[in-house]
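Participant: Here is my input; please provide its structure:
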Amino acid sequence: MKKIVISLIVIILAALVLFVLYPLRGSGALTFLRQELNLQEAFQESEQISPLAPTISYQGVEGKNALELLKQHYSIQSKDYGHDLGEFVEAIDGITPQKDEFWALFVNSKSSMVGASSYITKNGDVIEWRIQKISSAN
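Facilitator: Sure thing, here's the model as predicted:
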């Protein structure tokens, strides 16, 4: 009797899996699910970045640049490339992007076209830093 109950449970579970996954077979959803699982595994193996990479966010202050405000609110590591290029943010609060990523500056949800030391904020600006992949120009 016990074997019959276990067999029925296994059959029901198999039927449920087939019922849910079979319709997704041609839709690309299974590929998406596999890719999502691969991403989660890759992030779990990484020691430098969390799967939920944080977005660093703060408000603009009239007349102050985005970099000086970042330094006021967070501990950063940066590399200064001189007056023309400015500082490149390498880590924020100890979070360092992987080698194929960088901290990207966004102003009011749009990617900034200038460096953080060149962008003079205004009251009401929302300044964000997000980890982004470096894209290749192939």
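
Participant: where's the closest residue to Ile134 other than its chain neighbours relative to Ile12, distance?
Facilitator: Residue nearest to Ile134 in three dimensions, not counting chain neighbours: Asp100, with 5.3 Å by C-beta to C-beta, 6 or more residues apart in numbering. (C-beta placed from N, C-alpha, C; glycine too.) Noted for Asp100: a distance of 45 Å to Ile12, by C-beta to C-beta, to the nearest Å.

Participant: now do Tyr58
Facilitator: According to C-beta to C-beta, Tyr58 and Ile12 sit 52 Å apart.

Participant: When these two are compared, which one has more neighbours?
Facilitator: It is Tyr58, of Tyr58 and Ile12, that has more neighbours when counted by other C-beta atoms under 10 Å, with 17 against 10.

Participant: residues in contact with the one helix or strand the more buried one maps to?
Facilitator: Using DSSP states H and E, Tyr58 sits in strand 56-59. Applying C-beta atoms under 8 Å, 6 or more residues apart in numbering, the external contacts of strand 56-59 come out as 69-70, 73-74, 92-93, 103, 123-130.

Participant: Note down every partner strand of that strand and its orientation.
Facilitator: strand 126-133 (antiparallel) (DSSP bridges).

Participant: Could you pull out the buried residues of the partner strand?
Facilitator: Ile127, Glu128, Trp129, Arg130, Ile131, Gln132 (16 or more other C-beta atoms under 10 Å).

Participant: Averaged pLDDT, it. What do you get?
Facilitator: In this model, strand 126-133 carries a mean pLDDT of 94.

Participant: show me where the chain has helices.
Facilitator: 2-21, 29-45, 66-73 (DSSP state H).
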